[in-house]
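>>> Turn this into a model:
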Amino acid sequence: MYSGFSGGRQRVGNVTQVNDPSTAWVNMEPHWELLEALQGGTFAIRKGHRKYLPQEPREQDSSYDVRLQRSVCSPFLTRIELMLAGMLTRKPVRLDDVTDQIREQLFDVDLQGNDLQTWLFQTSRICIRYGHVGVLVDAPKSGDNGRPYWATYDPRSILGWRYETTNGQQKLTQLRLSEKILVPDGLYGEKQVEQVRVLTPGAFEIFQKDKKGDFRVVDEGTTSLSEIPFSVAYSNRVGVLESFPPLADIAELNLQHYQVQSDLGNQLHISAVPMLALFGFPQSAEEISAGPGEAFALPSDARAEYVEPAGNSYDAQFRRLERIESQINELGLAAVMGAKLVGETAEAKRIDRSQGDATMMVVAQQMQDLIDNCLRFHADYLQESQAGSSLVNRDFMGSRL
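Model (predicted):
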């Protein structure tokens with residue numbers, strides 16, 4: 001199978017156990033770390049310590065810790081992701097030829113209380129953040145009562161896959177999904193259990209991690225479908241279930257903004273208190289202190305004055321921050337949406353709009369195809385001949401970040 005990350009690959013996944021990630025996963029994973037940390041906000045960035053905020057040479061650990069606690073990460077990436085996902089859900093998803101039974105079940109599409117509109121917003125955020133997202137239409141085992149529901153998986157949870165091409169169509173033949181579930185522990189507690197779901201056409205196995213750290217089969221069964229009911233949507237596709245985060249450049253600029261802002265804030269904090277300088281004071285004299293309620297005597301030819309920086313260098317730091325913010329805006333609007341914040345001719349706006357809207361159109365089309373596939377799987381579980389179709393909002397002309 002061809003992999004989009006095969007060229008120049010430096011890391012190879014050693015897949016010997018059911019929970020081992022594939023080589024493609026191993027090579028995509030480094031691109032997710034910064035995005036996930038920025039999504040966690042200032043708390044997650046601070047938790048990364050020197051990985052995201054380098055310690056300066058000769059900077060004491062205590063001084064670094066104080067600077068780290070004062071540093072705040074601006075949520076540029078999160079805001080842009082929210083706004084882009086909001087563009088898709090600005091208008092409700094239109095359902096055509098969907099049966100009343102399926103339409104009613106879509107009011108709680110994931111069995112977690114989310115209707116289709118809320119589910120689309122959350123799922124499209126994952127797609128925009130990572131580059132793709134997968135959805136499994138799951139249902140109870142054959143013979144058990146229950147209804148189908150849609151479970152969303154981010155790329156980190158999609159450990160491995162196999163597929164084959166038949167009549168020009170790519171079909172999954174095996175899929176491994178990582179999951180974490182909560183189970184009762186004692187009278188009142190609960191604990192988290194790691195498990196891996198292995199899907200093949202018409203069958204499944206569930207492996208759970210035991211006390212020794214090994215994964216054992218705890219459940220297995222068959223489904224009423226002849227294929228794996230898993231659908232994928234891409235925002236920046238590289239290959240089958242492989243992608244590159246489209247907002248990676250914005251994430252790097254967001255991190256740079258955090259670091260520059262930390263440096264500037266530290267400089268302003270240090271220089272905010274003027275330093276007392278004594279001229280002509282004997283070095284052999286004992287130490288003196290100065291304060292509102294203190295005074296000291298100096299030799300006749302000595303003098304004392306406060307020294308503080310002129311602050312000329314701060315302007316350059318402020319301008320650098322403004323430039324980074326401008327670059328984030330340009331990438332978020334011009335590169336992703338084709339909309340600029342600077343004056344431009346009507347013709348240039350029309351061209352940029354057509355290019356930018358085409359980018360968002362691809363995302364909208366991908367999410368629409370995802371919903372259509374899920375509707376088909378949902379109908380197959382219910383043994384209904386009519387699945388229906390959907391229409392995701394494409395009216396981006398009037399919206400602006």
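
>>> Point out where the protein drops to low pLDDT.
1-13, 141-145, 266-278, 280-298, 300, 304-318, 330, 332-359, 396-401 (pLDDT under 70).

>>> what about the strands in it?
Secondary structure of the chain (DSSP state E): strands at 94-96, 132-138, 149-153, 158-166, 169-185, 189-200, 203-209, 215-222, 230-234, 237-239, 242-243, 275-279, 303-307, 389-391.

>>> Find the nearest non-adjacent residue to Val363, please.
Ser235 (5.1 Å; CB to CB, 6 or more residues apart in numbering). Placement of C-beta: from N, CA and C, glycine included.

>>> same thing with Pro201?
Glu227 (5.2 Å).

>>> Just to check, the one you found is in contact with Leu172?
Yes - in this structure, Glu227 is within contact of Leu172 by CB atoms under 8 Å, at 7.5 Å.

>>> Now list whatever residues contact both of these two.
Pro201 (CB atoms under 8 Å, 6 or more residues apart in numbering).

>>> Look at those two and report which has more neighbours.
Between Glu227 and Leu172, counted using other CB atoms under 10 Å, the more crowded position is Leu172 (20 against 15).

>>> how about the residue nearest to the more buried one when sequence neighbours are not counted, what does it touch?
Closest residue to Leu172 apart from its sequence neighbours, by CB to CB, 6+ apart: Ile228 at 4.5 Å. Counting by CB under 8 Å, 6+ apart, Ile228 touches Lys171, Leu172, Thr173, Leu175, Leu199, Thr200, Pro201.

>>> right, and the fifth one touches Thr173 too?
Translated: Leu199. No - using CB under 8 Å, Leu199 is not in contact with Thr173, being 9.6 Å away.

>>> neighbour count winner among these two?
Each of Leu199 and Thr173 has its neighbours counted (other CB under 10 Å); Leu199 has more, 23 against 13.

>>> May I have the residues that are in contact with that one?
Leu136, Leu172, Gln174, Leu175, Arg176, Leu177, Ile228, Phe230.

>>> 10 Å instead, please
For Leu199, the contact set (CB atoms under 10 Å, 6 or more residues apart in numbering) comprises 136, 138, 161, 172-177, 205-206, 223, 227-230.

>>> closest to Gln386 among those?
Nearest to Gln386 out of the contacts of Leu199 is Pro229 (CB to CB; 17.3 Å).

>>> Please report the number of neighbouring residues for that closest one.
Pro229 has 25 nearby residues by other CB under 10 Å.

>>> mind listing what it touches?
Neighbours of Pro229 in contact, by CB under 10 Å, 6+ apart: 135-139, 148, 150, 172, 175, 199, 201, 223, 373-374, 376-378, 380-381.

>>> likewise Lys47?
For Lys47, counting by CB under 10 Å, 6+ apart, the contacting residues are Ala37, Gly40.

>>> What of the one 4 residues further on?
Each residue near Lys51 by CB under 10 Å, 6+ apart is listed here: Glu33, Leu34, Ala37, Ile45.

>>> any idea how far Leu172 is from it?
Separation of Lys51 from Leu172 (CB to CB, to the nearest Å) stands at 35 Å.

>>> try Arg320
48 Å.

>>> hang on, the earlier thing: my guess is the residue nearest to Val363 contacts Thr123, does it?
No - in this structure Ser235 lies outside contact range of Thr123 using CB atoms under 10 Å: 11.4 Å.

>>> one step back: next one: phi and psi at the residue nearest to Leu172?
phi -80, psi 120 (degrees, to the nearest 10).

>>> burial measure for Thr42, as a count.
15.

>>> OK, contacts around it?
Gln69, Ser71, Val72, Cys73, Ser74, Pro75, Tyr258.
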